[in-house]
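structure, please.
(chains A and B)
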Amino acid sequence: MSVADQKPQPKRPSSFWSYANPVKFLAFSERILPTLWILAAVCLAVGLIWGFFFTPDDFRQGSTVKIIYLHVPAALMAINAWFMMLVTSLVWIIRRHHVSALAAKAAAPVGVVMTLIALVTGAIWGQPMWGTWWAWDPRLTSFLILFLFYLGYIALWEAIEDPDTAADLTSVLCLVGSVFAVLSRYAVNFWNQGLHQGASLSLDKEENVADVFYFPLLVAIAGFVLLFVALVLYRTGTEIRIRRARALLAREKRS
Amino acid sequence: MKALLRRDLALALRAGGGFGLGLAFFLIVTVLVPFGVGPQSELLSRIAPGILWLGALLACLLSLDRMLALDWEDGTLDLLATSPLPLEAALSIKALAHWITTGLPLVLAAPVLGVLLNLPAPGFLWLVVSLALGTPALSVIGAFGAALTVGVKRGGLLMSLLVLPLYVPTLIFGAEVARRGAVGMDVQTPALMLAGITLGVIAVMPFASAAALRVNLR
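Just a heads-up that it's a prediction; the model follows:
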């Protein structure tokens, strides 16, 4: 090491990449996690209770409409979780930050649960509305395919023992899988016309769901996002600690 | 490159088991379907294109782990990695050899099995065309799956889990071409999409496969 490296570093404006350092990451995530948990719990409680008890029944769908407060946020997070894994996988491949790969690993089970929630609530919704639990509709089918991609991704992490190899291979799989997930989405669209209604929320559309349903839905979505972030930070912290424990054990064995 | 192709072909032909196995599997799947759904000929002729595509896909999947596993065990892959030939090219050649020994026989056998399933007469041409267009994509995507799981002990099941979702677009468009051909509809759109997927996959996938294989050989 040269002398220049050992000088105390001048105080830089902290960059996003400084959180690639596990120690800094852990310190930061531990500082904000309690706030995140509380915010997520409050948002979820407010959104869900507001949605379930203080919105009117829809004039056609009755009270089944209220499953929207679970279904839409879960579906949103299922896709965004994969997107987050794509970004963190890219960061791992390009910049080799271990925290990034571990964050991708930590996000996958959360994403798979979100996908399952979306599929199950969708089935419960679909039974009274469409008269069937399942239909081979493009949206439903592509969600099922997304679910399979999650399963493959998690299985690959589990199957490979060396953590760095596993991180590399799952990252490549995540990149390829993203391309094929998009391809499948369009292929499935071509293959069958849908039963599912269009997007319930979008910024550039004239007609969204009515305001009485809209605001509690936004709160519920905020709750799901916060919950996801909290879970991923927490799980990433756990993964980092597992790795440290392994390193300690290995060192003990050697000495 | 030619030498590698010749070597892979010779190995596949002489080692036994690999070459005919896919075909036999395809035959058995096709024979089992009428037992499962009943012998009504109009029902069979309606589902024939889909069944034949599915059978070809599964037969292709079955032989994927042979593509790299043997070379991994005896160290040929390490030699290939250090040879002047880029790993991307080597994997493309291996996928090509896999297609010649598995995909091509399936394409040629499909019309015969179509007779068994009472495929309508106009469907034969399009079935063969769609399989010929689609099976190269199956081999190339399969090479990626094989490269990912080559270091895993007993990775066959894991590879199926990884590869099958990737087969979805190819299967959808391929079966759509065959189905539309069988009922005499216009096949241009799905056929072009299928060809596009195959070409795109051939162009891009070897890079992903080589990246995965390099990690495994590290």
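
C-alpha from now on. contacts and neighbour counts both.
OK.

phi first, then psi, for the closest residue to B:Phe144 other than its chain neighbours.
Among residues not flanking B:Phe144 along the chain, B:Ser209 sits closest, at 4.4 Å (CA to CA, 6 or more residues apart in numbering or on different chains). Backbone geometry at B:Ser209, expressed as degrees, to the nearest 10, gives phi -60, psi -40.

could you check how far B:Ser209 is from A:Thr165?
14 Å (CA to CA, to the nearest Å).

repeat for B:Arg7
Taken as CA to CA, the span from B:Arg7 to A:Thr165 is 30 Å.

can you pull out the helices in chain B?
B:2-15, B:18-37, B:41-62, B:65-73, B:76-82, B:87-98, B:104-116, B:123-149, B:156-182, B:188-217 (DSSP state H).

in which helix or strand would I find A:Pro56?
A:Pro56 belongs to no helix or strand when assigned by DSSP states H and E.

give me the phi and psi for it.
The phi/psi pair for A:Pro56 (degrees, to the nearest 10) is phi -70, psi 160.

what about B:Gly36, neighbour count?
Residues within reach of B:Gly36, counting by other CA atoms under 10 Å in any protein chain shown, total 8.

around chain B, pick out the residues from the stretch 51-200 of chain A.
A:145, A:148-149, A:151-153, A:155-156, A:159-160, A:165, A:168-169, A:172, A:176-177, A:180, A:183-184, A:187-188, A:191 (CA under 8 Å from any CA of the partner chain).

for A:Glu161, helix, strand, or coil?
coil (DSSP: H, G, I helix; E, B strand; the rest coil).

nope, A:Trp134 is what I was after
Of the three states, A:Trp134 takes coil under three-state DSSP.

list the contacts of it.
A:Ala123, A:Gly126, A:Gln127 (CA atoms under 8 Å, 6 or more residues apart in numbering or on different chains).

and it, how far from A:Val120?
Taken as CA to CA, the span from A:Trp134 to A:Val120 is 10 Å.

turn the contacts of A:Trp134 into JSON lines, columns for neighbour count, secondary structure and pLDDT.
What follows is those, written out as JSON lines (neighbours: other CA atoms under 10 Å in any protein chain shown; DSSP: H, G, I helix; E, B strand; the rest coil; pLDDT from 0 to 100):
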{"residue": "A:Ala123", "neighbour count": "19", "secondary structure": "helix", "pLDDT": "87"}
{"residue": "A:Gly126", "neighbour count": "18", "secondary structure": "helix", "pLDDT": "82"}
{"residue": "A:Gln127", "neighbour count": "13", "secondary structure": "helix", "pLDDT": "81"}
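
of all those residues, which comes closest to B:Val31?
A:Ala123 (35.0 Å; CA to CA).

dump the residue contacts of that closest one.
Going by CA under 8 Å, 6+ apart, the list of residues near A:Ala123 reads A:Thr132, A:Trp133, A:Trp134.

A:Trp134 versus that one, what's the distance?
Remark: distance between A:Ala123 and A:Trp134 (CA to CA) = 6 Å.

per-residue pLDDT of A:Ser14, please?
On the pLDDT scale, A:Ser14 is placed at 66.

what about the helices in chain A?
A:3-6, A:22-53, A:68-95, A:98-130, A:138-159, A:163-191, A:211-254.

kindly calculate the angle that the last one makes with helix A:163-191.
I take that to be helix A:211-254. Here the directions of helix A:211-254 and helix A:163-191 differ by 150 degrees (axes from the mean of the first three to the mean of the last three CA atoms, to 10 degrees).

please apply the same query to the fifth one.
Angle of helix A:138-159 versus helix A:163-191, following the same axes, to 10 degrees, is 160 degrees.

where's the most centrally placed residue in chain A relative to A:Ala106, distance?
Nearest to the geometric centre of chain A sits A:Ala81, at 2.5 Å (CA atoms, centre = their mean). A:Ala81 sits 10 Å away from A:Ala106, going by CA to CA.

remind me which residues of chain B are low pLDDT?
B:15-19 (pLDDT under 70).

flag every residue of it that's near chain A.
B:148, B:152, B:158, B:161-162, B:165-166, B:168-169, B:172-173, B:176, B:208, B:211-212, B:215-216.

and if we set it to 7 Å?
Residues of chain B lying close to chain A by CA under 7 Å from any CA of the partner chain are B:148, B:152, B:161-162, B:165-166, B:168-169, B:172, B:208, B:212, B:215-216.

pick the most deeply packed of the helices of chain B.
Comparing the helices of chain B by mean neighbour count (mean count of other CA atoms under 10 Å in any protein chain shown), helix B:123-149 ranks first with a mean of 25.

quick check: angle from that helix to helix B:188-217?
Using the same axes, to 10 degrees: helix B:123-149 against helix B:188-217 is 20 degrees.

can you give me the offset of helix B:123-149 from its chain's centre?
4 Å (CA atoms, centre = their mean, to the nearest Å).

for A:Ile49, which residues are in contact?
Contact analysis of A:Ile49 by CA atoms under 7 Å, 6 or more residues apart in numbering or on different chains lists nothing.

next one: it from A:Met77, what distance?
From A:Ile49 to A:Met77 the distance is 20 Å (CA to CA).

looking at the helices of chain B, which is closest to A:Gly223?
Comparing the helices of chain B by CA to CA, helix B:156-182 comes nearest, at 31.2 Å.

how much does that closest one deviate in direction from helix B:188-217?
Going by the same axes, to 10 degrees, helix B:156-182 makes 170 degrees with helix B:188-217.

just list what helix B:156-182 packs against, helices and strands only.
helix A:138-159, helix A:163-191, helix B:41-62, helix B:123-149, helix B:188-217 (3 or more CA pairs under 7 Å, 6 or more residues apart in numbering or on different chains; DSSP states H and E).

as TSV, the ones you listed with distance to A:Glu252 would be great.
Formatted as TSV, the helices and strands packed on helix B:156-182 follow (distance: least, CA to CA, whole Å):
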stretch	distance to A:Glu252
helix A:138-159	25
helix A:163-191	19
helix B:41-62	44
helix B:123-149	32
helix B:188-217	28
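
out of those helices, nearest to B:Glu88?
The nearest among the helices and strands packed on helix B:156-182, by CA to CA, is helix B:188-217 at 5.2 Å.

elements contacting that closest one?
Helix B:188-217 packs on helix A:163-191, helix B:87-98, helix B:123-149, helix B:156-182, going by 3+ CA pairs under 7 Å, 6+ apart.

what's the angle between that helix and helix B:65-73?
Going by the same axes, to 10 degrees, helix B:188-217 makes 20 degrees with helix B:65-73.

now helix B:188-217, how far from the chain's geometric center?
13 Å.

next: stretch B:138-152.
For stretch B:138-152, the distance to the chain centre is 12 Å (CA atoms, centre = their mean).

quick one: contacts of that stretch?
A:159-160, A:169, B:64-65, B:68-69, B:95, B:98-99, B:155, B:159, B:162-163, B:167, B:202, B:205, B:208-209, B:212-213, B:216.

can you do 6 Å?
B:Asp65, B:Ala69, B:Ala95, B:Trp99, B:Gly155, B:Met159, B:Val163, B:Ser209, B:Ala212, B:Leu213 (CA atoms under 6 Å, 6 or more residues apart in numbering or on different chains).

chain A: which of those is nearest?
For these, the closest approach to chain A (CA to the nearest CA) belongs to B:Ala212, at 5.8 Å.

any chance of the helices of chain B in JSON lines, plus distance to A:Ile221?
What follows is the helices of chain B, written out as JSON lines (distance: least, CA to CA, whole Å):
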{"stretch": "helix B:2-15", "distance to A:Ile221": "54"}
{"stretch": "helix B:18-37", "distance to A:Ile221": "45"}
{"stretch": "helix B:41-62", "distance to A:Ile221": "40"}
{"stretch": "helix B:65-73", "distance to A:Ile221": "43"}
{"stretch": "helix B:76-82", "distance to A:Ile221": "49"}
{"stretch": "helix B:87-98", "distance to A:Ile221": "44"}
{"stretch": "helix B:104-116", "distance to A:Ile221": "49"}
{"stretch": "helix B:123-149", "distance to A:Ile221": "36"}
{"stretch": "helix B:156-182", "distance to A:Ile221": "29"}
{"stretch": "helix B:188-217", "distance to A:Ile221": "35"}
